[in-house]
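S.K.: what follows is a protein structure lacking sequence information:
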């Protein structure tokens, strides 16, 4: 599905797999480069979605060409609500010990 340089090809079975891959990349970058005043702000722990999840959903919506943010988030809530659980599993399994 996606073609990269030097014959590195990545195939995704589903769009869900693509979202999870984008999330892992975004979360790693966010942990490395987000300033502490942003990542450790007040009430960040009580948010429904993490910053990495919001960034991931925004990027994926842009990549598929969705013009309306409200339409995209409604589509995600209807069809990919279970991804929140998958995001949490990814965080727990990829966290450094």
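M.R.: Ah, there it is. Computed from a prediction, not measured in an experiment: that's the story for all the values here.

S.K.: what's the helix or strand for the closest residue to residue 83 other than its chain neighbours?
M.R.: Nearest residue to residue 83, sequence neighbours excluded (Cβ to Cβ, 6 or more residues apart in numbering): residue 19, at 6.4 Å. No exception for glycine: its C-beta is placed from N, CA and C like everyone else's. Following DSSP states H and E, one finds residue 19 within helix 15-33.

S.K.: off-centre distance for that helix?
M.R.: 5 Å (Cα atoms, centre = their mean, to the nearest Å).

S.K.: give me the buried positions along the helix or strand that comes right after that helix.
M.R.: Helices and strands here follow DSSP H and E; after helix 15-33, the next one along the chain is helix 36-39. The neighbour-count check on helix 36-39 (16 or more other Cβ atoms under 10 Å) flags nothing as buried.

S.K.: now swap in stretch 13-21 and tell me
M.R.: 18, 19, 20.

S.K.: and stretch 41-51, by the same measure?
M.R.: Buried residues in stretch 41-51 (16+ other Cβ under 10 Å): 50, 51.

S.K.: so for that stretch, mean pLDDT?
M.R.: The predicted model assigns stretch 41-51 a mean pLDDT of 74.

S.K.: likewise stretch 24-35?
M.R.: 87.

S.K.: and stretch 79-93, by the same measure?
M.R.: If you average the pLDDT over stretch 79-93, you get 66.

S.K.: adjust the sequence numbering to begin at 59 for everything that follows.
M.R.: With the count now opening at 59, the last piece we talked about shows up as stretch 137-151.

S.K.: so which elements touch the helix holding residue 77?
M.R.: Contact partners of helix 73-91 among helices and strands, from 3 or more Cβ pairs under 8 Å, 6 or more residues apart in numbering; DSSP states H and E: helix 109-121, helix 141-152.

S.K.: just the angle between the first one and helix 73-91, please?
M.R.: Counting by axes from the mean of the first three to the mean of the last three Cα atoms, to 10 degrees, helix 109-121 lies at 130 degrees to helix 73-91.
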